[in-house]
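Q: Give me a 3D structure for the following:
(chains A and B)
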Amino acid sequence: MFVLNRFNLLIAGSACVLILNGCSFSDSSGSISDSIGSISDSSSSFSGGSTKYESDVEDYTYAYLKSTSGTTNYADFQNGLSDIAKKRGISDWESDDHTYKGIGKALKKARIEGVGYETYKKNFGDSNPTKMKQIQQGYDSQD
Amino acid sequence: MKRFLTLLAVLLGNTANADTFQYLYIEANEGSSSGGHVAVQFGDDVFHYQFKDGLIRLFKQDAEGFRFDYRVLQNRTLHVADVEVSAATFSLLQDHFKLLFWQQDRQFKQLQAADKDRQLLEWLLRSHTALPSSRQISGYIPHPSPLPEGEGIFKLPGVGLFFNDSDFAPVASQLTEPHGDCQTDASAKTLLTTLRTQLELQHGSGFLQRRKIELTTVIQHLSAVTNGTQGYRISEQYTDLLNGLLALRIIEETRPLTSDACHTLTGPEGHLDPQKTERLNNLHRQLMQSAQNLAVSKRPDWGYALLVTMSRLVALQQTLQSGQWVFVDDFSAESTVIAAEDMMRFADELSVQRQKAETIWRQQWQALGNTELDEQHYSQLEVSANRYQEWLASDSRQTLRYHGEQALPVKAINLQTIALPEFSSQQLQQALHQQVLDTQQLTQQLEQNFAYHLLTRNCVTEIFHTINQALGAETQQRLGGVIDEHLNIVPFTAFAMVKASYPVKHITVLPSHRQQQLAKQYEQEFPPLVYARESNVVSASLYDYNPDDAWFVFFTDDALLLRPVFGAINSVAGVGQSLFGLVKSPFDEGQLLAIGMRGLLMSLPELAFINMRKGSYKFLSPDSASQENLPGQ
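A: Take a look at the predicted model:
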């Protein structure tokens, strides 16, 4: 009986150890990213990079639109875009079509229409006809 | 019966337009997530919650990298449940995880930025007292001295590609200059003179001077008053403006890259035929246009982007002129460095990686002629070249920067007082007070929303919470069951719950790297001999001691009956390492003692038949893992 109790205690203790140490620590995220670096360096990884970048821009813009009430702080928004572009090796994201197409897709996903859409298109596109056209292309591609 | 009918309805409803997401359960091992881990996968993206600084945060990882890290490097078996749902349900779940990820990411960045604001204001306050009054509100100062207390607190990313800290030292010998063989004087002069001429053609003569005055004025009139807890922060504004100012100064002075900012790949590799030269010329033209656009851009961080673009242009110019590849050094200052001792210990694994680095670099530059080169493509080429060059350099240096290559170079210098905002001490003190309050408010908000709790908010509960939140009242209808996040807190039992509650179409078990290799050996050799040899770290051919693992003797993942005995021996090893660590603690700050204690702790569950010790791998590359073991299989 005494032995059985001690064994139960051991199991309970062990379970506690497991639970106490449960969940991954974010240290591992570093190694994950590093692993990606070591894996994806093949010539094939060139393809699809732009698609992933555009998708990240879309998701980021959508989240920004959903969580920002009132006036949009465009400098803050653009800093976020820079962070995304930086991870993909793009410094001049303003010259990349995928940036504005991604923004257009996000505007559509957020169901922004009419005057609201035109205002966003003008501000995100910095009133530049080419950028605004790319936003429109992204927006229309979601139909 | 009711439950069966619900499941049937979900499955039948899904067949018309079905999609599949994966629920992943990762087995326990020593180290982080020693109790196991869970994640969900939508397409190429894996979402999982991790513990960081007392908070539980959502991370998004590339599926390939995630599986390689956990299955190969951390040597854990993965259990993958394919959950078949309708396309609409899939979208709802995927969109919700993405939305939460980006929203959280922004919130944590806001906290970081608020903390940086506080540091900047403290630094400026100190600079007020440190500088003589004649230089306090001086705007642009040609060659001022850095403030001693400001060093190291703030960095100017990208500026280090053209400036050293010593360029701003009041006395030439105060700081030693880094050494390197990056000589780009002629290329930089040609390139930056052209850029300056083009800018002046487009925007009038004196453009650079006007733009510099404009930036200096903006810096002088920066507002110390923060706009709540959101928005474009003063620390970001200040560093962005300084970066811009210094980028313009580089063009004006036609500064070359610093001596350690680039390297040349010598040797027969990388010969530039006319087709490749044409590609590089096209890229050169693109980047030149970008540099011109960035110099007048309205985006806040145009200065950093211009620094990177100019550095790459100089490297390209040098490449085209010399016919040999020149690349900007893209390693971050925080890169992991492998010491000479580890280079020798893991020589076999590392040689595979070296070979791979060389192959990838060769493949990439050889493929150059086949495709048009854009900036993103060039970034990958730059990373590959850096990795290969680092291996070459390690031959003479005996150390290796391992990981830490950046998609965009970030070489930074310390914040320099080349221009200061016109704040009075009183304004700074008030702003600092407000800033401390804002930071506290943000911290409290984050703690309230994301505080880790062992039983109520961990990596398992948050996955189910997010799923239930995404589908709301329709969870039962869409998934065939609702898993209560309050009752399912352990990875192992939660996986059983997923199998029982959700429409799981298929379960795949992906054995850990060692298990996979072991299975092959069992097929090819005499099994008892394999078991005897591979059961312990002393004679194992599939495992070399990894210093990240605490001492242990026996692997217990394939020894169910003997597990308590092996566990007892592993515990003794843990005690031994702890005692050794105790003796060594005055010299290593107790690091070995902590590892030994962890080893002991990890071996205790084995006394109760719970497997923990599997070992892990530090330098395996996908090439050295078997094909079946590659991520995604």
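Q: counting contacts, what elements does the helix or strand hosting residue A:135 pack onto?
A: Assigned by DSSP states H and E, residue A:135 belongs to helix A:129-140. Applying 3 or more CB pairs under 8 Å, 6 or more residues apart in numbering or on different chains; DSSP states H and E, one finds that helix A:129-140 contacts helix A:97-109, helix A:114-124. All C-beta atoms are positioned from the backbone trio N, CA, C, and that covers glycine.
Q: okay if I get these as CSV plus mean pLDDT, mean neighbour count and distance to chain B?
A: CSV is the format used below for these (pLDDT from 0 to 100; neighbours: other CB atoms under 10 Å in any protein chain shown; distance: least, CB to the nearest CB, whole Å):
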stretch, mean pLDDT, mean neighbour count, distance to chain B
helix A:97-109, 97, 24, 8
helix A:114-124, 94, 15, 11
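Q: what's the burial count for residue B:306?
A: Around residue B:306 sit 28 other residues, with neighbours defined as other CB atoms under 10 Å in any protein chain shown.
Q: Now do the SS call for the closest residue to chain B within chain A.
A: Distances between chain A and chain B by CB to the nearest CB are smallest at residue A:89, namely 2.5 Å. State at residue A:89, reduced to three classes by DSSP: H, G, I helix; E, B strand; the rest coil: coil.
Q: thinking it is in contact with residue B:381, fair?
A: No - using CB atoms under 8 Å as the test, residue A:89 is too far from residue B:381 to be in contact (9.5 Å).
Q: hang on, the earlier thing: what residues does the residue of chain A closest to chain B make contact with?
A: Contact analysis of residue A:89 by CB atoms under 8 Å, 6 or more residues apart in numbering or on different chains lists A:49, B:375-376, B:378-380, B:382-383, B:407-408.
Q: Tell me how far it lies from residue B:318.
A: As judged by CB to CB, to the nearest Å, residue A:89 and residue B:318 stand 20 Å apart.
Q: ok, and the most crowded of the contacts of residue A:89?
A: Among those, residue B:408 has the most neighbours (other CB under 10 Å), with 27 neighbours.
Q: wouldn't it be in contact with residue B:380 here?
A: No - if you go by CB under 8 Å, residue B:408 and residue B:380 don't touch, sitting 11.6 Å apart.
Q: ok, back up a step: could you give the mean pLDDT of the helix holding residue A:135?
A: The average pLDDT for helix A:129-140 rounds to 97.
Q: tell me the angle that helix makes with helix A:114-124.
A: 130 degrees (axes from the mean of the first three to the mean of the last three CA atoms, to 10 degrees).
Q: what comes into contact with helix A:129-140?
A: With CB under 8 Å, 6+ apart, helix A:129-140 has contacts from A:58, A:94, A:97, A:99-108, A:117, A:121-122, A:124-125.
Q: Next, the buried residues of it.
A: For helix A:129-140, burial by neighbour count (16 or more other CB atoms under 10 Å in any protein chain shown) applies to A:131-132, A:134-136, A:138-139.
Q: from those, which single one is nearest residue B:83?
A: Top of the list for closeness to residue B:83, among the buried residues of helix A:129-140 and by CB to CB, is residue A:138 at 30.6 Å.
Q: Give me the nearest residue to the closest one, chain neighbours excluded.
A: Spatial nearest neighbour of residue A:138, chain neighbours left out: residue A:104 (2.5 Å); criterion: CB to CB, 6 or more residues apart in numbering or on different chains.
Q: list the contacts for the one you found?
A: Contacts of residue A:104 by CB under 8 Å, 6+ apart are A:121, A:134-142.
Q: How much space separates residue B:351 from chain A?
A: The gap separating residue B:351 from chain A is 14 Å, by CB to the nearest CB, to the nearest Å.
Q: pLDDT score for that residue?
A: For residue B:351, the pLDDT comes out at 90.
Q: State the distance from it to residue B:357.
A: To residue B:357, residue B:351 is 11 Å away according to CB to CB.
Q: With residue B:507 instead?
A: Residue B:507 is 37 Å from residue B:357, by CB to CB.
Q: how far does stretch B:31-42 stretch from start to finish?
A: Using CA to CA, to the nearest Å, one end of stretch B:31-42 lies 26 Å from the other.
Q: quick check: mean pLDDT across that stretch?
A: For stretch B:31-42, the per-residue pLDDT averages 85.
Q: which intervals of the stretch 51-200 of chain B have sub-threshold pLDDT?
A: B:129-153, B:171-177 (pLDDT under 70).
Q: List, one by one, the residues from it near chain A.
A: Neighbours of chain A within the stretch 51-200 of chain B, by CB under 8 Å from any CB of the partner chain: B:51-52, B:56-57, B:59, B:61-62, B:64-66, B:68-69, B:73-74, B:98-99, B:101-103, B:106, B:109.
Q: Just the buried ones from the residues you listed?
A: Buried among these by 16+ other CB under 10 Å: B:51-52, B:56-57, B:59, B:61-62, B:64-66, B:68-69, B:73-74, B:98-99, B:101-103, B:106.
Q: helix or strand right after the helix or strand of chain A with the lowest mean pLDDT?
A: Using mean pLDDT, DSSP states H and E, the weakest-scoring helix or strand in chain A turns out to be helix A:27-39, at a mean of 39. Note on helix A:27-39: by DSSP H and E, the next helix or strand toward the C-terminus is helix A:49-67.
Q: now for that next one, which elements pack on it?
A: Using 3+ CB pairs under 8 Å, 6+ apart as the contact test, the elements touching helix A:49-67 are helix A:74-87, helix A:97-109, helix B:87-130, helix B:375-397.
Q: now the longest one against helix A:74-87, angle please.
A: I take that to be helix B:87-130. Using the same axes, to 10 degrees: helix B:87-130 against helix A:74-87 is 110 degrees.
Q: How about residue B:259: what's its closest non-neighbour residue?
A: Excluding its sequence neighbours, the residue lying closest to residue B:259 (CB to CB, 6+ apart) is residue B:180, at 4.1 Å.
Q: can you pull the contacts of the one you found?
A: B:258-263.
Q: which of those are buried?
A: For those, a burial check counting by 16+ other CB under 10 Å picks out B:258, B:260-263.
Q: can those go into a markdown table with extra columns for distance to chain A?
A: Below are the buried ones among the contacts of residue B:180 laid out as a markdown table (distance: CB to the nearest CB, whole Å):
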| residue | distance to chain A |
| --- | --- |
| B:258 | 19 |
| B:260 | 21 |
| B:261 | 16 |
| B:262 | 16 |
| B:263 | 18 |
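Q: Which of those fall in strands?
A: Counting by DSSP state E, the part of these found in strands is B:262-263.
Q: is chain A contacted by whichever strand or helix holds residue B:250?
A: Per DSSP H and E, residue B:250 falls inside helix B:234-253. Yes - in terms of CB under 8 Å from any CB, part of helix B:234-253 sits within range of chain A, namely residue B:236.
Q: and that helix, what's its mean pLDDT?
A: For helix B:234-253, mean pLDDT is 95.
Q: And that helix, what's buried?
A: Buried residues in helix B:234-253, counting neighbours by 16+ other CB under 10 Å, are found at B:234-251.
Q: Look up how far residue B:260 lies from the residue nearest to residue B:259.
A: Note on residue B:180: its distance to residue B:260, by CB to CB, is 3 Å.
Q: For chain A, what's the nearest residue on chain B?
A: Proximity of chain B to chain A (CB to the nearest CB) peaks at residue B:379, 2.5 Å away.
Q: so what's the nearest residue to that residue once chain neighbours are set aside scoring on pLDDT?
A: Once flanking residues are discounted, residue B:379 sits nearest to residue A:89: 2.5 Å by CB to CB, 6+ apart. Per-residue confidence at residue A:89 stands at 95 (pLDDT).
Q: for residue B:599, same thing?
A: pLDDT, residue B:599: 87.
Q: neighbours around it, how many?
A: For residue B:599, the neighbour count with other CB under 10 Å is 25.
Q: Mind exporting the C-alpha coordinates of the helix or strand it falls within to PDB?
A: Residue B:599 belongs to helix B:591-607 when assigned by DSSP H and E. Provided in PDB are the C-alpha atoms of helix B:591-607 (Å, rounded to 0.1, in the frame of the first residue of the first chain):
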ATOM      1  CA  GLN B 591      25.000  27.500 -16.100                       C
ATOM      2  CA  LEU B 592      26.100  23.900 -15.900                       C
ATOM      3  CA  LEU B 593      24.400  23.500 -12.600                       C
ATOM      4  CA  ALA B 594      21.100  24.700 -14.100                       C
ATOM      5  CA  ILE B 595      21.500  22.300 -17.100                       C
ATOM      6  CA  GLY B 596      22.200  19.400 -14.700                       C
ATOM      7  CA  MET B 597      19.200  20.200 -12.600                       C
ATOM      8  CA  ARG B 598      17.000  20.400 -15.700                       C
ATOM      9  CA  GLY B 599      18.400  17.000 -16.800                       C
ATOM     10  CA  LEU B 600      17.400  15.500 -13.400                       C
ATOM     11  CA  LEU B 601      14.000  17.100 -13.600                       C
ATOM     12  CA  MET B 602      13.500  15.700 -17.100                       C
ATOM     13  CA  SER B 603      14.500  12.200 -16.100                       C
ATOM     14  CA  LEU B 604      12.100  11.900 -13.200                       C
ATOM     15  CA  PRO B 605       8.900  11.400 -15.300                       C
ATOM     16  CA  GLU B 606      10.700   8.400 -16.900                       C
ATOM     17  CA  LEU B 607      10.500   6.600 -13.500                       C
END
